[in-house]
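S.K.: Here is my input, please return the structure:
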Amino acid sequence: MTDNLTVVTHPLIQHKLTLMRDVGTASAVFRQLLREISMLLAYEVLRDLPTTTKTIHTPLAEMSAPILEGRKLVFVSILRAGNGLLDGMLDLVPSARVGHIGLYRDPKTLQPVEYYLKLPEYMNERTCIAVDPMLATSNSASAALNRLKEAGARDIKFVCLLAAPEGVEALTTAHPDVQIYTAALDECLNDHGYIVPGLGDAGDRMYGTK
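M.R.: Next up, the predicted model:
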């Protein structure tokens, strides 16, 4: 579809995603599966983190060993559902810095409304991973990426669980420099801006709300 899109098709991710899609999956199980998938996605997303070398002493010899280079990366959760992806990625990279962008979608206009923003310092020197389970219209994602760039972020990736073709196209048009990672590219959006076949509202499924 676009060079900016990476669909991670690992069998474990696809299996867990199928369980999440099932309407009968309980909220507690849904949250746990999302956490597990986000950790698996992180392996692919963070594949090209910059490294340098450090001289260390093993029990047997001195060696020059690889180590991450530069400032700690930052995970930015697009609230509230982004926290489901955030938790699993922090399990993998617990030293990462964390930012939050609070957005909700106006049900009539489908446009994002910002209510919270908190980011770490030196965004221009960090790899920035923005996370939100659903890339539907891309309105919220695009608004969040605008805010990250205003804060100085330059090396940005966007990670979601599901994406709609309409959302991928819109986000790529608005932010052609941002690579998108997802576990699945679904069929389309319905008249209410939900991904089909999708899994419903990720936040509601996570927290048992309506």
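S.K.: Would you mark the buried spots in the helix or strand of the chain with the lowest mean pLDDT?
M.R.: For the chain, using mean pLDDT, DSSP states H and E, the weakest element among its helices and strands is helix 202-207, scoring a mean of 86. Going by neighbour count (16 or more other CB atoms under 10 Å), the buried part of helix 202-207 is 202, 203, 205, 206. Every C-beta, even on glycine, is put in place using the N, C-alpha and C of the backbone.
S.K.: Which pair of the residues you listed spans the longest distance?
M.R.: 203 and 205 (7.3 Å; CB to CB).
S.K.: Mind pulling up the pLDDT for the closest residue to residue 142 other than its chain neighbours?
M.R.: Ranked by CB to CB, 6 or more residues apart in numbering and with sequence neighbours excluded, the top spatial neighbour of residue 142 is residue 174, at 4.5 Å. The model reports residue 174 with a pLDDT of 95.
S.K.: before we move on, what about the one 10 residues further on?
M.R.: Among the per-residue scores, residue 184 shows a pLDDT of 96.
S.K.: Skipping adjacent residues, who's closest to it in space?
M.R.: residue 162 (5.4 Å).
S.K.: Name the residues that touch the strand or helix carrying that neighbour?
M.R.: Assigned by DSSP states H and E, residue 162 belongs to strand 155-163. For strand 155-163, the external contacting residues (CB atoms under 8 Å, 6 or more residues apart in numbering) are 5, 17, 20, 34, 37-38, 41-42, 45, 85, 126-135, 141, 145, 148-149, 171, 175, 177-186, 195, 198-199, 202.
S.K.: 7 Å instead, please
M.R.: 34, 37, 41, 45, 85, 127-135, 141, 145, 148, 171, 178-186, 195, 198-199, 202 (CB atoms under 7 Å, 6 or more residues apart in numbering).
S.K.: any idea how far the residue of the chain most remote from its centre is from residue 54?
M.R.: Distance from the C-alpha centroid of the chain peaks at residue 60, with 40.5 Å (CA atoms, centre = their mean). Distance, residue 60 to residue 54, by CB to CB, to the nearest Å: 17 Å.
S.K.: Which secondary structure state is assigned to residue 9?
M.R.: coil (DSSP: H, G, I helix; E, B strand; the rest coil).
S.K.: Repeat that for the one 10 residues further on.
M.R.: Local secondary structure at residue 19 is given as helix here, using three-state DSSP.
S.K.: Surely it touches residue 33?
M.R.: Yes: in terms of CB atoms under 7 Å, residue 19 counts as a neighbour of residue 33; the distance is 5.7 Å.
S.K.: which of these two has more neighbours?
M.R.: In this view residue 19 and residue 33 are compared by other CB atoms under 10 Å, and residue 33 has more residues nearby, 20 against 14.
S.K.: before we move on, the earlier item: the residue farthest from the centre of the chain sits in which helix or strand?
M.R.: Per DSSP H and E: nothing holds residue 60, as it lies in no helix or strand.
S.K.: for residue 202, what are its contacts?
M.R.: 81, 84, 133, 134, 161.
S.K.: Give the residue spans of the protein that score low on pLDDT.
M.R.: By pLDDT under 70, the weakly predicted segments of the chain are 1, 110, 210.
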